[in-house]
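Engineer: Let me see the structure of the following:
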Amino acid sequence: MRSGAKKHYIEVERQVQMGVTELNEPVKVWEVFAECFCEVTTLRGKEQFDQSAKRRISEDVYRFRAGFEDLEGVDETMRVDHAGQKYDIKAILPDAQDHGEIIVECTLRDGSFEGAALMGYIDQVIPAGHVGDAFPGLVIKAKGGVPPYSFGSAALPSGLFLDGDTGAITGTPLAAGTSATHIIVSDSAGADHAMPTLAITIT
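Structural biologist: Numbering: from 1, shown residues only. Down below sits the predicted model:
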């Protein structure tokens, strides 16, 4: 690797299951698997013809080059977080010039020519609450669509509240149990996205 090229910080995240809902659906969250500094290069991807725009577009391919020991165990089921953007991993390639390094080849997650569809999501482990103690906090996030966003909920545990503007769930639980919570994210264009059921447990 060229001197000074290893200056971009990335995190590689993997998806893990954190229990199931009342309907026996898996609850999955992203957690950091590895982190390191690397070299980043961009290649032009395969061209496609956009019928609505009547023009050719291409999907950029991003290559993150780092030491093998830094990214050992990374695979295509994971994703890369770099400078606030998420990238889908498409391939893990050996570096022909330096056998001690590997290249993680990615495309930008949810990238699209006309903008991504509205989606609500969480990027943290769903915390467990305790009756009488302040809830540790859970933030619902949104992307795509047309900001700003608003948030609505049903079946939150007693004593917890969802801030419709920020997506933060806070409060003090009043009763024990597991609630199958439903979250709806809306954007300023009137689009709605119903998130998968969240299981929030109070002990």
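
Engineer: Send me stretch 24-36 as PDB with only the CA atoms.
Structural biologist: The C-alpha coordinates for stretch 24-36 follow below in PDB (Å, rounded to 0.1, in the frame of the first residue of the first chain):
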ATOM      1  CA  ASN A  24     -41.700 -15.800  16.000                       C
ATOM      2  CA  GLU A  25     -40.100 -13.400  13.500                       C
ATOM      3  CA  PRO A  26     -36.400 -12.900  14.100                       C
ATOM      4  CA  VAL A  27     -35.300  -9.500  15.400                       C
ATOM      5  CA  LYS A  28     -32.000  -8.600  13.800                       C
ATOM      6  CA  VAL A  29     -29.600  -5.600  14.400                       C
ATOM      7  CA  TRP A  30     -26.300  -4.600  13.100                       C
ATOM      8  CA  GLU A  31     -23.100  -4.600  15.200                       C
ATOM      9  CA  VAL A  32     -19.500  -3.700  14.600                       C
ATOM     10  CA  PHE A  33     -17.400  -6.800  13.500                       C
ATOM     11  CA  ALA A  34     -14.200  -5.100  12.600                       C
ATOM     12  CA  GLU A  35     -12.700  -1.600  12.200                       C
ATOM     13  CA  CYS A  36      -9.500  -0.300  10.600                       C
END
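
Engineer: Could I get the buried residue list for that stretch?
Structural biologist: 27, 30, 33-34, 36 (16 or more other Cβ atoms under 10 Å). To be clear about C-beta, it is placed using only N, CA and C from the backbone, and glycine gets the same treatment.

Engineer: and of those residues, the nearest to Val20?
Structural biologist: Nearest to Val20 among those is Val27, at 6.2 Å by Cβ to Cβ.

Engineer: Let's check: the centremost residue of this protein is which one?
Structural biologist: Asp123 (5.6 Å; Cα atoms, centre = their mean).

Engineer: which residues does that one contact?
Structural biologist: 29-30, 141 (Cβ atoms under 8 Å, 6 or more residues apart in numbering).
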